[in-house]
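Novice: this is the structure alone, sequence omitted:
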């Protein structure tokens, strides 16, 4: 999880135009962001069902525990340590541990927050199956300006394709198709090639620009076997 969050954070940092040194410090912060969880009870961390309110309050301590541990034991950039403390703050001020909002949250915290949620949603958990990348992106887009910094949401939707090239999908029309091209500005509306009689045809639909397709959406990812 920490490695995935690091890769996603670096991708978003690159999209945001951060300097090489800043991206290095961001990567360090992302890699150690969950350090505090080693101080949490294993029976809570590995619980095969949703946490109770009391258990969640306990888990919420990991941000500050990790920050304090890193400050006391490791000579890493201060901004990297701050990222560990703030990666559960929310843009609207409803996060923890300090209820910070907007740009009062360090940029690293705002970036890692998005990467952390995306990887958590697209990974299996004891109490639920992983979401599809497209559903995770839609969830993050739903938090635009509330849970997440709008600038960071734009960065992940530009760089993480919810329907990678070669993915087979079913359209809202019921037609089956294969994704052949993605667009950074409209990641949920790719160029697709229709599948007919079990094989890719010569007919393509551009869900972004074809006027006749503006009301067509990707309904789900499918497996053609």
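Specialist: Done, it's in. What you see is a predicted model, and the numbers here were worked out from it, not measured in a lab. Numbers count the residues shown, from 1 in each chain.

Novice: show me the longest strand that occurs in this structure.
Specialist: strand 199-206 (DSSP state E).

Novice: quick check: mean pLDDT of the next helix or strand after that strand?
Specialist: The first helix or strand that comes after strand 199-206 along the chain, using DSSP states H and E, is strand 218-221. Mean pLDDT, strand 218-221: 90.

Novice: buried sites along strand 218-221?
Specialist: 218, 221 (16 or more other CB atoms under 10 Å). Using the backbone N, CA and C atoms, a C-beta is placed for each residue, glycine as well.

Novice: same for that strand, what does it pack against?
Specialist: Counting by 3 or more CB pairs under 8 Å, 6 or more residues apart in numbering; DSSP states H and E, the packing neighbours recorded for strand 218-221 are strand 168-171.

Novice: who does the strand it packs on pair up with?
Specialist: Using DSSP bridges, strand 168-171 pairs in its sheet with strand 176-181 (antiparallel), strand 218-221 (antiparallel).

Novice: just to revisit the earlier point, and the contacts of the longest strand of the chain?
Specialist: 171, 177-178, 180, 191-196, 213, 216 (CB atoms under 8 Å, 6 or more residues apart in numbering).

Novice: which one of those residues is nearest residue 158?
Specialist: Nearest to residue 158 among the contacts of strand 199-206: residue 191, at 16.3 Å, using CB to CB.

Novice: so who does the closest one touch?
Specialist: Going by CB under 8 Å, 6+ apart, residue 191 touches 179-183, 204-208.

Novice: residue 63 is in contact with residue 96, isn't it?
Specialist: Yes - using CB atoms under 8 Å, residue 63 makes contact with residue 96 at a distance of 6.8 Å.

Novice: mutual contacts of the two, please.
Specialist: Residues touching both residue 63 and residue 96 (CB under 8 Å, 6+ apart) are residue 88.

Novice: what about these two, which has more around it?
Specialist: Using other CB atoms under 10 Å as the criterion, residue 63 and residue 96 rank with residue 63 on top: 26 against 18.

Novice: gap between the residue of the chain most remote from its centre and residue 19?
Specialist: Distance from the C-alpha centroid of the chain, by CA atoms, centre = their mean, peaks at residue 197 (35.7 Å). Separation of residue 197 from residue 19 (CB to CB, to the nearest Å): 52 Å.

Novice: same question for residue 32.
Specialist: Taking CB to CB, one finds residue 32 at 20 Å from residue 19.
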